[in-house]
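>>> here's a sequence, model it:
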Amino acid sequence: MSRRIPKTVTYEIEFCDDYPNGAPYCQHGPAIRLKVIDRTKTNKVSYKWACSFDRDGKCSLKTKEEMLIKSCAKNSSETKINPTWKNDFKTRTNNKGQGQYFFDEETISVMTKNMVPGEKIILLGCPTLLIPLIELNFDVVLLDIDERFEKIFPQKYFKKFNMTNCHFFGDGEAWYRKFREKADKITVISDPPFGMMVNVLMRTVNILSKSGGVYIFFPWFNDSRFGDYQLNMSDFKVRYEKHSKMNRNSTVRIFSNRLQSFKLEDGYTYCSICLKYVSNDQFHCKICNSCCDRSGRGVKHCMKCKTCTVKTHLHCDKCNQCKPKDHLCAKKKVMKCFRCSQVGHIERDCHQIKRLKI
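Numbering: from 1, shown residues only. Okay, the predicted model is just below:
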């Protein structure tokens with residue numbers, strides 16, 4: 001088993017309080033300010049502006065005045081949505097860019113059954129939820145950067161939007177102000193690109209939501225990151241119509257601030273201690289006092305690790321933690337945080353990171 005090669009350069013996205021004032025623009029809206037950390041040169045830091053849609057792309061950055069952002073497509077003139085629109089829609093499968101995967105029927109059913117009547121709903125990249133929610137009389141709108149949806153959905157139901165920089169195109173910002181003023185609560189459901197930084201995603205969610213529910217579809221191993229924003233992970237295993245890798249590994253979960261009322265049926269049961277529905281094969285550890293199987297691979301409590309670990313892993317005294325049986329022992333090294341450069345902890349445990357709260 002080969003060791004993972006550390007990255008020589010890492011990136012962080014920084015938003016100042018008055019963003020996007022002073023930011024250059026491209027066809028995808030205001031650019032993002034990248035903090036570039038060179039790990040080969042004692043964490044040397046530099047900054048640069050980059051396209052918010054593709055930081056390695058070839059977008060030409062200009063001033064806001066120079067850049068006239070217009071959508072070349074117009075919203076559908078129809079007042080009703082063709083229920084078979086998916087049949088002729090060609091999804092993009094570039095996972096490093098604008099990959100698109102549609103939920104299967106079970107996932108759609110679970111989500112629609114758990115929505116609260118009377119709340120307005122914003123969908124961030126979840127087009128297959130739009131029609132089912134409209135049919136249930138929800139005031140719902142889809143926000144997506146794919147302008148092909150402008151030819152499918154009437155303007156009432158779709159606005160072109162960039163999730164990374166939280167930028168509305170056209171008259172979208174004025175529309176949102178009115179939408180928000182009329183809402184007591186706004187629930188946000190998001191199925192973002194899985195390569196999106198969690199703090200960047202949560203900035204957008206915080207701006208759009210209003211005292212409502214938050215539901216985010218993301219791989220399970222990001223649970224600690226979403227926990228920083230008081231979003232907990234559901235045991236429900238999200239499935240897509242055509243995403244063999246994610247479906248095969250049961251990788252995607254739902255992170256939400258409403259798990260206590262998030263009901264699940266076949267294959268799930270309610271844990272009265274954790275106060276949420278969990279998988280029937282979930283393991284509630286009396287020592288950890290929690291349902292601890294995050295990945296669905298089965299867990300056991302390790303007294304040496306003082307936590308629950310994957311059932312098939314064995315405790316390695318050299319690594320001082322549970323590891324796969326055929327793993328390569330890591331060389332002993334001093335833990336150093338990439339964020340604050342202090343020793344004794346790693347980045348995910350750093351207490352100096354400023355967190356946005358819902």
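>>> what is the least confident helix or strand in the protein?
helix 244-249 (a mean of 62; mean pLDDT, DSSP states H and E).
>>> mind checking the longest strand of the chain?
When the chain is parsed with DSSP state E, its longest strand is strand 211-219.
>>> which strands and helices sit next to the next helix-or-strand element following that strand?
The first helix or strand that comes after strand 211-219 along the chain, using DSSP states H and E, is helix 223-227. Judged by 3 or more Cβ pairs under 8 Å, 6 or more residues apart in numbering; DSSP states H and E, the packing partners of helix 223-227 are strand 232-233, strand 252-256. C-betas here are computed from N, CA, C, even on glycine.
>>> cutoff 6 Å now
Using 3 or more Cβ pairs under 6 Å, 6 or more residues apart in numbering; DSSP states H and E, no helix or strand is in contact with helix 223-227.
>>> which parts of the longest strand of the chain are buried?
Buried residues in strand 211-219, counted by 16 or more other Cβ atoms under 10 Å: 212-218.
>>> now the stretch 101-250 of the chain, which segments are flagged as low pLDDT?
243-249 (pLDDT under 70).
>>> if we use 80, what do you get?
242-249 (pLDDT under 80).
>>> show me where it has its strands.
Assigned by DSSP state E, counting those that start in this stretch, the strands in the stretch 101-250 of the chain fall at 120-124, 140-144, 158-162, 167-168, 186-190, 211-219, 232-233.
>>> now do the longest strand of the chain against strand 120-124, angle only.
For strand 211-219 against strand 120-124, the angle between stretch directions is 20 degrees (axes from the mean of the first three to the mean of the last three Cα atoms, to 10 degrees).
>>> if we can go back for a sec, residue 240: which of the strands of the stretch 101-250 of the chain is closest?
For those, the distance to residue 240 is smallest for strand 211-219, at 9.4 Å, taking Cβ to Cβ.
>>> give me the angle between the closest one and strand 252-256.
160 degrees.
>>> parallel or antiparallel, which strands does strand 211-219 pair with?
Paired neighbours of strand 211-219 in the sheet (DSSP bridges): strand 186-190 (parallel), strand 252-256 (antiparallel).
>>> can you tell which of those strands is closest to residue 7?
strand 252-256 (24.0 Å).
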